[in-house]
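Q: let's see this in three dimensions:
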Amino acid sequence: QVQLEESGGGLVQAGGSLRLSCAASGRTFSSYSMGWFRQAPGKEREFVAAISWNGGNTNYAASVKGRFTISRDNAKNAVYLQMNSLKPEDTAVYYCAANFPGHELFTADYEYDYWGQGTQVTVSS
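A: Residues are numbered from 1 along each chain as shown. Reported below is the predicted structural model:
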């Protein structure tokens, strides 16, 4: 089992940057693919980015491609989301999620087995 905890959210002006972190417990973290999702008020949760178990493959939603970068450090049991050129429409609660086994990069939230509690990101115009 994996427990996940996000951090790094906050309030930022449009055009700014934030780096989200997701700390994972458990010795098998490197076996999981990891994803970031977000949910804005009144909207469905949506896929943001995913990374394979070894970091060799990544996938991004079209809306964030070129602005966001997902990475992981298996030695630290952590996954990150670097968010640049933020826009007001990026405002949401951001969640990290884990999928086992970590060979595929799923974009559907129901494919993920474990979830964090989320961290709020607010981008002001």
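
Q: compute the first-to-last residue distance for stretch 85-100.
A: By Cα to Cα, to the nearest Å, the extent of stretch 85-100 from end to end equals 32 Å.

Q: quick one: distance of it to the chain centre.
A: 6 Å (Cα atoms, centre = their mean, to the nearest Å).

Q: now do the buried residues in it.
A: Residues 86, 90-99 are the ones in stretch 85-100 that count as buried (16 or more other Cβ atoms under 10 Å). Just so you know, the C-beta spots here come from the backbone N, C-alpha and C atoms, and that holds for glycine as well.

Q: check the average confidence over stretch 91-108, would you?
A: The pLDDT scores in stretch 91-108 average 92.

Q: hmm, residue 22 is touching residue 6, no?
A: Yes - at 5.1 Å, residue 22 counts as touching residue 6 under the criterion of Cβ atoms under 8 Å.
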